[in-house]
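Q: Structural data only, the sequence is not supplied:
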């Protein structure tokens, strides 16, 4: 046994931030995440074991105490726990009727905020990001240029952009260049 | 008019430009002055310059014809770099559209040595050879002349303008946008539609290709709307729209393409008119707009008249002359003639008269002319010749006279310094037609008009064939759900009337141009019809009419009419060529937008990438990933580095970054059952804690992917795929799960990027990692080859595999990706003193080839079955079903003569054959030889001190020991067939 | 760019989120191992290429991830009907109706 020194955690695009008068883009803090796949019975059993209600309608999200559940598909949710970035929820779950897979390190996120946030994203995301079409507290998997992202509108002018870690430099650079055009 | 000395044709009393704001620019090196807001054309005309280019085929001198995007002749090159570096060079810019800016450097094209004296003009003398279809006739014979004469000639003559020689340094932006109403065209129709929609609180985008909104109202000096001038009405309306937060007004923005479901592409030119653009601005911005409703208000384009020598500089469209005068304050000449077939040219003539220009004559093709117009001309003392035609002109670089022929046959030459012409107005159906709407022929007005589009769009105003302002306003209001406004409109000139085809038959003597840019004459079109082209699509291609960069905006209707007359058919039966995007030439940059340089494609890197970089690795791209290829030490070339890395792994150990391997977590009560379907192997007997090599086939029985699968529990598998195959394998599995086996309780999650994967391979692998592992016994007895365990490595949760892609004792450590680098470094700290090395993909390839392990996509190509690859042992015989089972029984897949994977050893051990090289049995046979296989993998093996290769070979398994040949360009290489396992065939090492 | 209605997300989404997955309603036989060569050929290789209504599969690959079926008019490129995987093939009468 070697002596137990804590192993260093290095997240992608750590500490990144750019901002101008209409939009800021920064790397979100580390979080733990679960990709949950389940039948509706499985979803109920999952809710019981974590005491956390899952959204059941397309694009809906649910949040409590720093924990967010995002509806991604009829049998798929992304759970993000900002409060406990180093603690995976998976080991505490039974292994029946659903699949819970730890994806804490697979994903990372950027926070795009400001009155130019939607315009920044629309440089490469084809979705209608008006408040009517993409209301606050809704989410969707979609694309940003050639990267797949999960887009989660946490407030009127704030989006959380989740992507796979190796796409982070691409998403970062794309958002940064798009931000130059966000005042239009 | 009092000509200013510098800009002698500037009418001080006219136009909207500020005479105090002068702009300096050069044309063909000569300095000129214009006014801010001028186009290059209006500025040159203000200086009395009509000659702006040479034509494509005959190199005829050409002036500017039009004041808009339809311009066929005045195409110039703009060089935007002060240093003339050749990067910001743009050819074929229309002088009628390009705004001037201080320091602009414009050059004419297609001339040598100068615009006034062009050697290429001798082509005019060769005109008989350049008639319609000359491409198909002239260069046919003799065959021998092609390489030496014809091709060089065509290459030199072809192309218009100079291309940039360097990478485009500018930035281009893109924006996806959504709105309730998109209005294309900001003239009277578009503005009224926007005004109405804005009142209903709709989200509106209105775009116009010009720098200012207002369209034709800016050029019409007479019309009044509720007592206001047209320009005042425009000003007020634009101010109202600008103040509305739901309205986005885009000027210098062309709606170039109408795509499915009301997706319209707009390109906004952001900086091309600026002398010193802000470096943060994109040069152009692409808008991809999805609109609930599209209102097309593109307007109409004035046609020229077809008569002999109608292309001489000084001949311009009447509407253009009117626009230059009223918008830019420029007159086209001092003594102007008019040749027309409709009323609008009279308005242009009267406006010029008012500005002090002498109107020499109005020649009207029509026998009867509106009495009011005749009276007005009479009052101004302007001579009108009805029922007459211009049949020729005098002057080459600039006209100085027109030959007029009356109905009675008398001819007269009248002195002029410019001629304005109009054959009437063609409604712009481009975007309507691109929306898949069918143009409908209107016999009465001899025009094609829009009908009902299959998409949610409506055409209004002049592009809908509407000739007057009152009806245009009513249509516009209705288009956006409003009521016709009650407006008092006075002095409106109707766009009705006109002619298509030849202006006068006597014009056949000279070159009467239909298409200026491609030098297509009326005679060419007639010839095409005589030679059997009976559809307009054929005529177009045979003559190239309408095929230039202006896409026949002026010429299409004339060409069609001439062909129809020849064929004695009604116009719609001859057909209208299809309009396609883009409406006007659109830069590649605007389509590419952000997707260039590092943003062309994501460049995926592992958590260990930076360590590899810091330690001198060379990288190779594998799908989107950048993988460490080899780690050269100072002085080593690739060959030496790989040789050393291979030897080190075999004698000591190596550490390898395998993070890019695809990983899929298969979870659920039916996980094993699902694996049984997807993979050829059986999964029922595999115990938790054990791993297995799996092959995935497609339904046709060919290998699709492979990888090692670890069983973590009865309900959880850790599946690995090839690096490049990860996305398609997951898609393939989801497809079967969702659509063929939807009742299975199993789910799939991509975990490729959750884990950093570190392979430690070699005799010393265990001693290197052992102290870092907690929570698992990894001794040879407790943790044999093909095992998996969940434990901790360096104190972080890990999935540890004992597997090998090298043939040595090996482990693969998966840790959560954020810990990847730290764990790698901890391993490296122990590996380096033990004499181990870091190795890259090239060494990995050599080591696996020495063991005969295949790489899907290199040793297989989509026609190789597991049996062909010698992997029959991995195909379950007793399973009732798996994807590919039935396919493998197909007669062709079980027949003899299939290409099978074998090993090859060259007779000369130093000789490394080329991958892809073809194999023959008899090198002496005649060419073409019968090829019986090819090399799939080939390397120098440092360990074996000889070359090794794998190949797919007809009946390969039955050819063991045979000598075969690989004929190369300068030698024939002799090889011997053997098995694919070159190293440690008994597998002693792997089980160590 | 097409705008495609996803029957699972119950929303119109841009084509960039989707991938086409070939002809719909080709059922993989449950007795796959026993089918004849001719049946295999028909199932695996032969595809229709109709002018008019094509029944085809799409996947909302960069969305909810679900495969679903559509009836698309190959002439106008219009999606005339979108339905979930597993729902029955539209009848000939319904196809006639869609074409109108």
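A: Yep, that arrived. Computed from a prediction, not measured in an experiment: that's the story for all the values here.

Q: can we go C-alpha only for contacts and neighbour counts from here?
A: Fine.

Q: where exactly do the helices run in the chain?
A: No chain was given, so I picked chain A. Taking DSSP state H as the test, the helices found in chain A are A:40-50, A:117-121, A:168-179.

Q: Please refer instead to chain C.
A: Going by DSSP H, chain C shows helices at C:37-40, C:92-99.

Q: Could you name the stretch from the ones you listed that's closest to residue B:12?
A: With respect to residue B:12, and counting by Cα to Cα, the nearest of these is helix C:92-99 at 62.7 Å.

Q: what about that closest one, near chain B?
A: No - for a cut-off given as Cα under 8 Å from any Cα of the partner chain, helix C:92-99 has no contacts with chain B; the smallest distance is 13.7 Å.

Q: Next, the buried residues of that helix.
A: Neighbour-count burial for helix C:92-99, with 16 or more other Cα atoms under 10 Å in any protein chain shown as criterion, is recorded at C:95, C:98.

Q: Not counting that helix itself, show me its contacts.
A: Helix C:92-99 is contacted from outside by C:52-53, C:73, C:80-81, using Cα atoms under 8 Å, 6 or more residues apart in numbering or on different chains.

Q: circling back to that earlier point, can you redo the helices of chain A as TSV with mean pLDDT?
A: TSV is the format used below for those (pLDDT from 0 to 100):
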stretch	mean pLDDT
helix A:40-50	87
helix A:117-121	98
helix A:168-179	98
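
Q: Return the most buried member of those helices.
A: helix A:117-121 (a mean of 26; mean count of other Cα atoms under 10 Å in any protein chain shown).

Q: which strands and helices sit next to the least confident helix or strand in chain A by mean pLDDT?
A: Across the helices and strands of chain A, mean confidence by mean pLDDT, DSSP states H and E is lowest for helix A:40-50: a mean of 87. For helix A:40-50, the packing partners by 3 or more Cα pairs under 8 Å, 6 or more residues apart in numbering or on different chains; DSSP states H and E come out as strand A:98-102.

Q: For stretch A:48-65, measure first residue to last.
A: Terminal residues of stretch A:48-65 lie 17 Å apart, using Cα to Cα, to the nearest Å.

Q: ok, residue 47 - contacts?
A: I'll assume chain A. Residues near residue A:47 by Cα under 8 Å, 6+ apart: A:53-54.

Q: Correction: the question concerned chain C.
A: For residue C:47, the contacting residues are residue C:23, by Cα under 8 Å, 6+ apart.

Q: Distance-wise, check it relative to residue C:26.
A: Distance from residue C:47 to residue C:26, by Cα to Cα: 9 Å.

Q: again, but for residue B:922
A: Per Cα to Cα, residue B:922 is found 47 Å from residue C:26.

Q: who's more crowded, those two?
A: Between residue B:922 and residue C:26, residue B:922 has the larger neighbour count (other Cα atoms under 10 Å in any protein chain shown), namely 15 against 12.

Q: if I read this right, that one contacts residue B:964, doesn't it?
A: Yes - Residue B:922 is in contact with residue B:964 according to Cα atoms under 8 Å; the separation is 7.3 Å.

Q: Pull up the overlap in contacts between these two.
A: Common contacts of residue B:922 and residue B:964 (Cα under 8 Å, 6+ apart): none found.

Q: What about residue 73, how many residues nearby?
A: All of this refers to chain A. Neighbours of residue A:73 using other Cα under 10 Å come to 22.

Q: ah, I was thinking of chain C
A: By the measure other Cα under 10 Å, the count of residues near residue C:73 is 19.

Q: So it is in contact with residue C:82, correct?
A: No - judged on Cα under 8 Å, residue C:73 makes no contact with residue C:82 at a distance of 12.0 Å.

Q: Quickly note the distance from the residue of chain C found nearest chain B to residue B:114.
A: Nearest to chain B in chain C, going by Cα to the nearest Cα, is residue C:33, at a distance of 5.0 Å. Per Cα to Cα, residue C:33 is found 78 Å from residue B:114.

Q: Quick check: closest non-adjacent residue to residue 71.
A: With no chain named, the answer covers chain A. residue A:77 (4.8 Å; Cα to Cα, 6 or more residues apart in numbering or on different chains).

Q: I was after chain C.
A: Residue C:71 sits nearest to residue C:55 (Cα to Cα, 6+ apart), 4.6 Å away.

Q: which residues sit in contact with the one you found?
A: Contacts of residue C:55 (Cα under 8 Å, 6+ apart): C:23-25, C:69-72.

Q: Please apply the same query to residue B:450.
A: B:429, B:432-433, B:437-440, B:459, B:463-464.

Q: out of those residues, which are buried?
A: Among the contacts of residue B:450, those classed as buried by neighbour count (16+ other Cα under 10 Å) are B:429, B:432-433, B:437-439, B:459, B:463-464.

Q: so which of those comes closest to residue B:905?
A: Out of the buried ones among the contacts of residue B:450, the member with the shortest distance to residue B:905 (by Cα to Cα) is residue B:433, at 64.4 Å.

Q: in a helix, that's where the closest one is, yeah?
A: Yes - assessed with DSSP: H, G, I helix; E, B strand; the rest coil, residue B:433 lies in a helix.

Q: Residue B:973 and residue B:923 touch, don't they?
A: No - using Cα under 8 Å, residue B:973 is not in contact with residue B:923, being 9.5 Å away.

Q: what do these two both touch?
A: In contact with both residue B:973 and residue B:923: B:965-967, using Cα under 8 Å, 6+ apart.

Q: ok so, going back, distance of the residue nearest to residue A:71 relative to chain B?
A: Residue A:77 sits 11 Å away from chain B, going by Cα to the nearest Cα, to the nearest Å.

Q: on that earlier part again, generate the ChimeraX command that creates a selection of the buried members of the shared contacts of residue B:973 and residue B:923.
A: Under the burial definition 16+ other Cα under 10 Å, those of those that qualify are selected in ChimeraX by:
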select /B:965,966,967
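
Q: ok, the residue in chain C that chain A sits nearest to - contacts?
A: Nearest residue of chain C to chain A (Cα to the nearest Cα) works out as residue C:64 at 4.1 Å. Shown in contact with residue C:64 (Cα under 8 Å, 6+ apart): A:72-74, A:76, A:141, C:8-9.
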